[in-house]
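Trainee: sequence unknown, structure follows:
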């Protein structure tokens, strides 16, 4: 049976529903820990390289899969960071 792969849009929609970045319900400790999660320098360099190849129209199929994966993971990280920042803002008395 062939594997079914969701489109990036549907993965992102599911992640939004799962993480609910609009809810600021993380503890301060959890929020600070999440904000420390980030791509390392080698991943940043690889993303720049893939982005340049995409602009040049020279991405291989494998590289397209790789850049799509970075996009999904980046979106996930953005959602988590958003939720963490909102939670810290609320805990510091600057939010609702």
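Mentor: Received the coordinates, thanks. Predicted model only: the values in this text are computed from it and were never measured. Numbers count the residues shown, from 1 in each chain.
Trainee: and the pLDDT at the nearest residue to residue 31 once chain neighbours are set aside?
Mentor: Nearest residue to residue 31 in three dimensions, chain neighbours excluded: residue 84, at 3.9 Å (Cβ to Cβ, 6 or more residues apart in numbering). Glycine gets a C-beta too; all of them are placed from N, C-alpha and C. With respect to pLDDT, residue 84 scores 97.
Trainee: what is the neighbour count of residue 31?
Mentor: Number of residues near residue 31 (other Cβ atoms under 10 Å) recorded here: 22.
Trainee: returning to what we had before: which strand or helix spans the residue nearest to residue 31?
Mentor: helix 61-91 (DSSP states H and E).
Trainee: residues near residue 26, how many?
Mentor: Counted with other Cβ under 10 Å, residue 26 comes out at 20.
Trainee: one more: residue 40?
Mentor: 8.
Trainee: give the contact list for it.
Mentor: Residue 40 sits next to no residue when contact means Cβ atoms under 8 Å, 6 or more residues apart in numbering.
Trainee: just the pLDDT for it.
Mentor: 97.
Trainee: same question for the one 3 residues further on.
Mentor: What the model reports for residue 43 is a pLDDT of 98.
Trainee: also the one 10 residues further on?
Mentor: Residue 53 is assigned a predicted lDDT (pLDDT) of 98.
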